[in-house]
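Novice: below are the sequence and a predicted model; questions follow.
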Amino acid sequence: MKYVDGGICAAKGYKASGTYCGIKKPNVENFDPNVKHKNDICLFTSDVICNAAAVYTQNKVKGAPILVTKANLEKSGNKAIAVIANSKNANTCNADGVEKADKMCELVASELKIPKEQVIVASTGVIGQVLPIEPIIKAVPILAKELDYGKNEEASTAIMTTDTIKKEYAVEFEIGGVKCTLGGMAKGSGMIHPNMATTLNFITSDCAISAKMLQKALSEIVKVTYNCLSVDGDTSTNDMVSLMANGLAGNKEITEEGTAFDTFKQALYEVMANLTRMLAKDGEGASKLLECICTGAPDKDTAITVAKSVVCSSLFKAAMFGEDANWGRVLCAIGYADADFDINKVDVDLRSEHGTVEVCKNGSGIEFSEEKASKVLASDEIYIDINLNQGSENATAWGCDLTYDYVKINGDYRT
């Protein structure tokens, strides 16, 4: 498994583009015509038709793009060629939302001369505000004209909202002696507490794999990556992960479980886990990445539940912002995790590049140096090691600290 540049354009046959179209008008008082505005809409395509898979938010309130994309993939038999996505407006809770999302697919289909149902559409941004379609009508021909194999960054910046960094990752791997590539991009900084996916995530590959196995791989890997992420406990209305594979690598198509499928899943995990980590580290207002590793669990679900319970704890997140080794908050979060295990066998360590401090043994606190703990927690990446000592399964969950800036960002997010 080798890291490569290129994000969604790393694999063979994928082009992308991005532009600013003015979905959300700039502040008139501070408008400077000489300043280039950040892209707010993007398009990416495959040279040939792809097998496709997706997972969607389980929030009862679903963005219109989710409904349209799901319907398109069902109608096309899980085939797709293009993805259009915008930021600044989620197109959610609008009476004309489905109509607008469907129109975005029609616009792309007309420009690329492909069936409308082979277009995936996604939106992110403010909920409950009508999506202006006029800027998008003007933008789509530009996006189609400017499609290029090296414009992954144009697309990845277009889907950012309160994100402070673009999030891309890609890897090369071999299947049957054939080099394959899988890459992706993600956006997300707040309203992150997934229940099958999170934020907007797009993954592309040139590996040949059936739609059925593609969906199986995505569903399995999302459980141990994006579903183990929480920034603030809010599950978005527009969460979606889409995965496309065009087969241009030339490997024998993967149609069943086995070594080739396991290798593909490992590549998918590598990309999705790294994107998950980036999402957590760029949580709104965050100053620290929190990575909780639960080992010694009786089963995988218990390990996931315990690890995620800790990174979801607002009190623990606040303690990490204050660099306070308040390990009792870890035990408290473990204790209310909805899983069956013996709390009296649990060990907890806090770790960073500055060292490790053991804070709990067999469910009880042990003496430790507060001075050493302060040094450990001064890092911007903190690891919480939990050993349940009750099995051989493990899982990792990702989150971030809770800072003053989180409140500032969300206090006036809409305005």
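Specialist: In hand now; what should we look at?
Novice: where does the stretch 301-415 of the chain have low pLDDT?
Specialist: Scanning the stretch 301-415 of the chain for pLDDT under 70 picks out the ranges 413, 415.
Novice: let's see it at 90
Specialist: For the stretch 301-415 of the chain, the stretches flagged by pLDDT under 90 are 405-415.
Novice: what are the boundaries of the helices in the stretch 301-415 of the chain?
Specialist: All helices of the stretch 301-415 of the chain, identified by DSSP state H, counting those that start in this stretch, fall at 314-321, 328-335, 370-377, 404-411.
Novice: and the strands in the stretch 201-350 of the chain?
Specialist: In the stretch 201-350 of the chain, the strands defined using DSSP state E, counting those that start in this stretch lie at 240-245, 289-297, 347-352.
Novice: show me the contacts for S219.
Specialist: 53, 55 (C-beta atoms under 8 Å, 6 or more residues apart in numbering). C-beta: built from backbone N, CA, C; applies to glycine.
Novice: now do 7 Å
Specialist: V55 (C-beta atoms under 7 Å, 6 or more residues apart in numbering).
Novice: and for P141?
Specialist: Residues near P141 by C-beta under 7 Å, 6+ apart: E111.
Novice: what average pLDDT does stretch 22-30 get?
Specialist: Stretch 22-30 shows a mean pLDDT of 69.
Novice: could you do stretch 215-229 as well?
Specialist: On average, stretch 215-229 scores 93.
Novice: next one: stretch 181-189
Specialist: Stretch 181-189 shows a mean pLDDT of 92.
Novice: do the same with stretch 7-19
Specialist: Averaging pLDDT along stretch 7-19 yields 98.
Novice: could you shift the numbering so residue one becomes 256, and keep it that way?
Specialist: Sure, I'll start counting at 256 from here, so that last one is stretch 262-274.
Novice: endpoint to endpoint, that stretch covers what distance?
Specialist: Length of stretch 262-274, first residue to last, C-alpha to C-alpha, to the nearest Å: 18 Å.
Novice: contacts for it?
Specialist: 259, 294, 296-303, 394, 397-398, 401-407, 409-413, 423, 425, 436-440, 457, 459-461, 501, 503-504.
Novice: buried ones among those?
Specialist: Neighbour counting by 16 or more other C-beta atoms under 10 Å classes 294, 296-301, 394, 398, 402, 406-407, 409-413, 423, 425, 436-440, 457, 459-461, 501, 503-504 among these as buried.
Novice: in helices, which of these fall?
Specialist: Those of the buried ones among the contacts of stretch 262-274 mapping onto helices are 394, 398, 407, 409-413, per DSSP state H.
Novice: so which two of those are the farthest from each other?
Specialist: A394 and N407 (18.2 Å; C-beta to C-beta).
Novice: so where's the stretch 406-555 of the chain shaky on pLDDT?
Specialist: Within the stretch 406-555 of the chain, the ranges that satisfy pLDDT under 90 run 416-420, 443-455, 481-482, 484-494, 534-541.
Novice: now do the longest helix along the chain: distance to the chain's middle.
Specialist: As assigned by DSSP H, the longest helix anywhere in the chain is helix 514-536. On the basis of C-alpha atoms, centre = their mean, to the nearest Å, helix 514-536 sits 11 Å off its chain's mean C-alpha point.
Novice: quick check: buried residues in it?
Specialist: 515-516, 518-520, 522-536.
Novice: kindly report the same for stretch 548-557.
Specialist: Within stretch 548-557, the residues scored as buried using 16+ other C-beta under 10 Å are 548-554, 557.
Novice: ok, I388 touching K358?
Specialist: Yes - taking C-beta atoms under 7 Å as the definition, I388 is a contact partner of K358 at 5.8 Å.
Novice: pLDDT wise, what is P320 at?
Specialist: Value for P320, per-residue pLDDT: 96.
Novice: same question for N314.
Specialist: Listed pLDDT for N314 reads 84.
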